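Q: please find the sequence and the predicted model below.
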Amino acid sequence: MCRLCWTVLMLLLLAIVGAAYKFGIRGSTAPAEDGRLAILLTDGERARVLSEMRAFLVAVQAIAEAAANDKPGDAAAAARKVGMAAQRGVPVALMAKLPLEFKRLGLSTHRAFDQLALDAEQLGDRDHTLNQLAKLMRNCVGCHAAYRLGVRGVADRPRSQG
């Protein structure tokens, strides 16, 4: 093959590797003033992610209440609403902006809710459900400790999220 062909091939390969790193691993991020990593999104994308987080919180409350009242079926139903099925339909453009570890935490959280639902139905063990919920909440705490959501704007400055 000619030298020009190899050069073009290598440049294309480097571009593909760079894009894979940017969109698959790093995402659209910037350091935040509070030490966390800001994920820079559009207003609509930010609203979607926050809506998912609120759904997690609603499910956590419903699961805790169901466990307190010894209603494993209610705990399972609440958990299933935010399991893996809930993450379907997330736009590819949004997924590309999320750093790899954020995606891992999110998928792990959806899977943990599915497992909690399955165990609550099959075992009906309130203590087991509460232990699963406590473990699952570590994902939430860890994510909020590491990330914040920012809005891509004029200067790409993160907007407070909490």
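A: Okay, I see it. Numbering: from 1, shown residues only.

Q: tell me where this structure has helices.
A: Shown for the chain, the helices assigned by DSSP state H span residues 3-20, 43-68, 72-80, 92-97, 100-123, 126-146.

Q: using CSV, write out every CA atom in the fourth one.
A: When you say that, I think you mean helix 92-97. C-alpha atoms of helix 92-97 as CSV (Å, rounded to 0.1, in the frame of the first residue of the first chain):
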residue,chain,number,x,y,z
VAL,A,92,-27.9,8.3,22.0
ALA,A,93,-26.8,12.0,22.0
LEU,A,94,-27.5,12.1,25.8
MET,A,95,-25.7,8.8,26.4
ALA,A,96,-22.6,10.1,24.6
LYS,A,97,-22.4,13.1,26.9
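
Q: report the buried residues of it.
A: Buried residues in helix 92-97, counted by 16 or more other CB atoms under 10 Å: 94, 97. Using the backbone N, CA and C atoms, a C-beta is placed for each residue, glycine as well.

Q: ok, now the last one?
A: Along helix 126-146, these residues count as buried under the neighbour rule (16+ other CB under 10 Å): 126, 129, 130, 132, 133, 136, 139, 143.

Q: which one of the helices of the chain lies nearest to residue 31?
A: For these, the distance to residue 31 is smallest for helix 126-146, at 11.9 Å, taking CB to CB.

Q: ok, and what's touching that closest one?
A: 36-37, 53, 56, 60, 63-64, 66-67, 70, 72, 75, 101-102, 105-106, 108-109, 112-113, 115-116, 119-120, 162 (CB atoms under 8 Å, 6 or more residues apart in numbering).

Q: in a markdown table: the helices of the chain, plus mean pLDDT and distance to residue 152.
A: Listed next are those as a markdown table, based on pLDDT from 0 to 100; distance: least, CB to CB, whole Å:
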| stretch | mean pLDDT | distance to residue 152 |
| --- | --- | --- |
| helix 3-20 | 64 | 18 |
| helix 43-68 | 97 | 9 |
| helix 72-80 | 98 | 33 |
| helix 92-97 | 93 | 9 |
| helix 100-123 | 97 | 16 |
| helix 126-146 | 97 | 19 |
